[in-house]
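Asks: Below: sequence and its predicted model.
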Amino acid sequence: MFAYLIQQFIEKGGLAALDLNNFNFTFLAFGLLLHWRPRSFLRAVSRSVPATAGVLIQFPFYGGIFGMISKTPVANHLASLFVHVTTKDTFPIVVAFYSGILGMFVPSGGGKWVIEAPYVMAAANAWHVHLGWTVQIYNAAEALPNLINPFWMLPLMGILNVKARDLAGYSILQLLFHAPIVLLLCWLFARTLPYIPPVFP
């Protein structure tokens, strides 16, 4: 971790490397170094912020996953795979499942759309699926994993002094109820809305 930070300072020229991501990464690296063992580090974080410890530790690692997908050849391979495994009929459901599954590992609140839009929309154009509805399918399915990765609960957990696991039963029940309805509506509306090709200036 420190080798990466040193590399960032060399490549970006010192102070230019001081962004929010590197600040978080630095604190995480120092925390792990000072505690020496991951278990000791996790125990200390749990004592410091008992209500939100699990979520706070997970999110820097989610950011790392996001970086590996967006800044390596993995993104190109995903794009190629995405276009090859869909047809016009299966495209909406594949987009929904893809968005939901990736949202489990990279809960970006929609931020990862910037990386994925080129190949998702390219596939939508190829299969003549309504482009606006494609975006809505992606957004609706991405909201489903938020019931498992409860970053939206952080203020509530802090106020009520409860842990994520105290609310997980309720949120997972909501996921089981809403997931089939959301997927069905995504597929249904994609079949009913007419395709309008994009207009480029």
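Replies: In hand now; what should we look at? Numbering: from 1, shown residues only.
Asks: Could you give me the buried positions within the longest helix out of those in the chain?
Replies: Secondary structure of the chain per DSSP state H: the longest helix is helix 164-192. By 16 or more other C-beta atoms under 10 Å, the buried positions in helix 164-192 come out as 164, 167, 171, 175, 179, 182, 183, 186, 187, 190. (Glycine included, C-beta is placed from N, CA and C.)
Asks: And the pLDDT at the second one?
Replies: Per-residue confidence at residue 167 stands at 76 (pLDDT).
Asks: which helices and strands does the longest helix of the chain pack with?
Replies: helix 91-105, helix 131-143, helix 154-160 (3 or more C-beta pairs under 8 Å, 6 or more residues apart in numbering; DSSP states H and E).
Asks: Off-centre distance for it?
Replies: 17 Å (C-alpha atoms, centre = their mean, to the nearest Å).
Asks: Relative to residue 47, which of the helices and strands packed on helix 164-192 is closest?
Replies: helix 154-160 (15.6 Å; C-beta to C-beta).
Asks: tell me which residues of the closest one are tucked away?
Replies: residue 157.
Asks: Present the buried residues of helix 164-192 as TSV; the columns should include distance to residue 146.
Replies: Output for these, formatted as TSV (distance: C-beta to C-beta, whole Å):
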residue	distance to residue 146
164	12
167	12
171	8
175	9
179	12
182	12
183	16
186	16
187	21
190	22
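Asks: re earlier: which of the helices and strands packed on helix 164-192 has the lowest average pLDDT?
Replies: Note on the helices and strands packed on helix 164-192: helix 154-160 shows the lowest mean pLDDT, a mean of 74.
Asks: would you put the C-alpha positions of that helix in CSV?
Replies: What follows is helix 154-160, C-alpha atoms only, in CSV (Å, rounded to 0.1, in the frame of the first residue of the first chain):
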residue,chain,number,x,y,z
LEU,A,154,-25.4,5.2,7.8
PRO,A,155,-27.1,8.3,9.2
LEU,A,156,-29.9,6.2,10.6
MET,A,157,-27.6,3.8,12.2
GLY,A,158,-25.6,6.6,13.8
ILE,A,159,-28.7,8.2,15.2
LEU,A,160,-30.3,5.0,16.5
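Asks: Residue 8 in helix, strand or coil?
Replies: Going by DSSP: H, G, I helix; E, B strand; the rest coil, the secondary structure assigned to residue 8 is helix.
Asks: burial of residue 200, as a residue count?
Replies: Burial measure for residue 200: 4 neighbouring residues, criterion other C-beta atoms under 10 Å.
Asks: right, I mislabeled it, should have said residue 144
Replies: 20.
Asks: from memory it sits against residue 178, does it?
Replies: Yes. Between residue 144 and residue 178 there is a contact under C-beta atoms under 8 Å: 6.8 Å.
Asks: what pLDDT, on average, does stretch 37-52 get?
Replies: The pLDDT scores in stretch 37-52 average 83.
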